[in-house]
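**Q** Provided below are the primary sequence and the corresponding predicted coordinates.
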Amino acid sequence: MFKIKQLLPLCSNCFKKTKFNFQRFASHQKEPTTNTDYDDGPIKFSTSRAIAYKAKTTRTGIEAVRLWYEPYVLILSVGVFLLYFCILREENDIDKDLSRNLYSRIEGLEELQLRASLKYNLTNGLDVIDIRNRLEEIEEEKLKVATSK
């Protein structure tokens, strides 16, 4: 399993979609030789096709040529989306629901957080007056709700 985890970063480029420049490839191809008698001697690097190969291509793939107007199209698209989403769009019930306080959604959350912060402040010698006042207000609200039922 450990060896597989080591190989994953090496294989990450295997799944990238690369664009292939056929014109560049065609310019480097030679006519196939009909001679079947090959020399087993060393091949001179400076005269082989390997001199045109860049090692960066192995890691990142062949660079795709971008159009000159691509950034302008992207900026315009994002601008139009933000204009619609932030200014022109009407507020709906989901927006109103998202603007509610978290304490109004979950019953007892505020009291639980206040008790945790009270305990923390007491152990660290910090001020607890505001926390105790808010806890008293919550207890009074609970009593009002309990007596009204």
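**A** Done, it's in. Note that this is a predicted model, so its numbers are computed, not measured. Residues are numbered from 1 along each chain as shown.
**Q** packing partners of the helix or strand hosting E139?
**A** In this structure, E139 is located in helix 129-148 according to DSSP states H and E. Under the contact definition 3 or more C-beta pairs under 8 Å, 6 or more residues apart in numbering; DSSP states H and E, helix 129-148 sits against helix 109-124. C-beta: built from backbone N, CA, C; applies to glycine.
**Q** if we can go back for a sec, quick one: average pLDDT of the helix holding E139?
**A** In this model, helix 129-148 has a mean pLDDT of 93.
**Q** show residues contacting it.
**A** Contact with helix 129-148 is made by E110, E111, L114, R115, S117, L118, N121, as judged by C-beta atoms under 8 Å, 6 or more residues apart in numbering.
**Q** one more time with 7 Å
**A** Contacts to helix 129-148, defined as C-beta atoms under 7 Å, 6 or more residues apart in numbering, come from residues E110, E111, L114, S117, L118, N121.
**Q** can you go through the residues you listed and name the buried ones?
**A** Buried by 16 or more other C-beta atoms under 10 Å: E110, E111, L114, L118, N121, out of the contacts of helix 129-148.
**Q** make JSON lines from the contacts of helix 129-148 and add pLDDT and distance to I43 to it.
**A** Output for these, formatted as JSON lines (pLDDT from 0 to 100; distance: C-beta to C-beta, whole Å):
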{"residue": "E110", "pLDDT": "93", "distance to I43": "77"}
{"residue": "E111", "pLDDT": "94", "distance to I43": "80"}
{"residue": "L114", "pLDDT": "95", "distance to I43": "78"}
{"residue": "S117", "pLDDT": "96", "distance to I43": "74"}
{"residue": "L118", "pLDDT": "96", "distance to I43": "79"}
{"residue": "N121", "pLDDT": "96", "distance to I43": "77"}
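**Q** for whichever helix or strand S104 is part of, name the packing helices and strands.
**A** Under the criterion of DSSP H and E, S104 resides in helix 102-105. In terms of contacts (3 or more C-beta pairs under 7 Å, 6 or more residues apart in numbering; DSSP states H and E), helix 102-105 is packed against helix 109-124.
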